[in-house]
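Enquirer: what's the 3D shape of this:
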Amino acid sequence: MVIDKNTDLVIFDHKDIVEILYNDNSAVLNSILGSDSDEEIKNYNNTADTFYYNKINIFAENNNLTQKNIDQVFQSEWLMPNEYYKINLLEFLLEKCTSQIEIERCKFELSIFEKQNLENLLRYMIYLKAIAKENQIILGVGRGSSVASFILFLIGIHKVNPIIYNLDFNEFLK
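Expert: Below you'll find the model as predicted:
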């Protein structure tokens, strides 16, 4: 295990990975970085594809890690089942709308999320809500600027309908 001096992130080698697996902590594998020069890690990732295990994020040792690179690595992998990646967000959300005003607001907000390339974030929110419901976890009424998002209301992340209270979606974007 090595700490990258530019980012203070821990870089794992295959011995560290074996220890993680041995201790049955495989759920954390796609939230760690492994070296691209470690053949054992590459072999593990190839096998992980076959058996649907969590893969290890790889970084190139010769490249300096920047926060942008790190964000891209960790935002490319979401800890959710594959079926959630396949959700057609527009269909999913529009079937929950009950008026033309809601449809227009939904389409507007979704276009903003798409411009920001955040579709998988919304899919993850759908997954999170499903997990909460399955485990009888109560989500709050709403907090902060999140209540300005009608899409998050439709998903069930909060219970405040921003259209009823005339909340501006731009407040959510701040």
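
Enquirer: so what secondary structure elements neighbour the helix or strand where Glu83 lies?
Expert: Secondary structure assignment for Glu83, by DSSP states H and E: helix 82-85. Secondary-structure packing of helix 82-85 (3 or more C-beta pairs under 8 Å, 6 or more residues apart in numbering; DSSP states H and E): helix 119-134. No exception for glycine: its C-beta is placed from N, CA and C like everyone else's.

Enquirer: In the helix it packs on, which residues are buried?
Expert: Of the residues in helix 119-134, Asn120, Leu122, Arg123, Tyr124, Met125, Ile126, Tyr127, Leu128, Lys129 count as buried by neighbour count, 16 or more other C-beta atoms under 10 Å.

Enquirer: How about stretch 152-159?
Expert: Per 16+ other C-beta under 10 Å, stretch 152-159 contains these buried residues: Leu152, Phe153, Leu154, Ile155, Gly156, Ile157, His158.

Enquirer: Of the residues you listed, which belong to helices?
Expert: Leu152, Phe153, Leu154, Ile155 (DSSP state H).

Enquirer: ok so, going back, would JSON lines of the buried residues of stretch 152-159 with distance to Lys107 and pLDDT be doable?
Expert: Shown next, in JSON lines, are the buried residues of stretch 152-159 (distance: C-beta to C-beta, whole Å; pLDDT from 0 to 100):
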{"residue": "Leu152", "distance to Lys107": "15", "pLDDT": "97"}
{"residue": "Phe153", "distance to Lys107": "15", "pLDDT": "97"}
{"residue": "Leu154", "distance to Lys107": "12", "pLDDT": "98"}
{"residue": "Ile155", "distance to Lys107": "15", "pLDDT": "97"}
{"residue": "Gly156", "distance to Lys107": "19", "pLDDT": "96"}
{"residue": "Ile157", "distance to Lys107": "19", "pLDDT": "95"}
{"residue": "His158", "distance to Lys107": "20", "pLDDT": "95"}
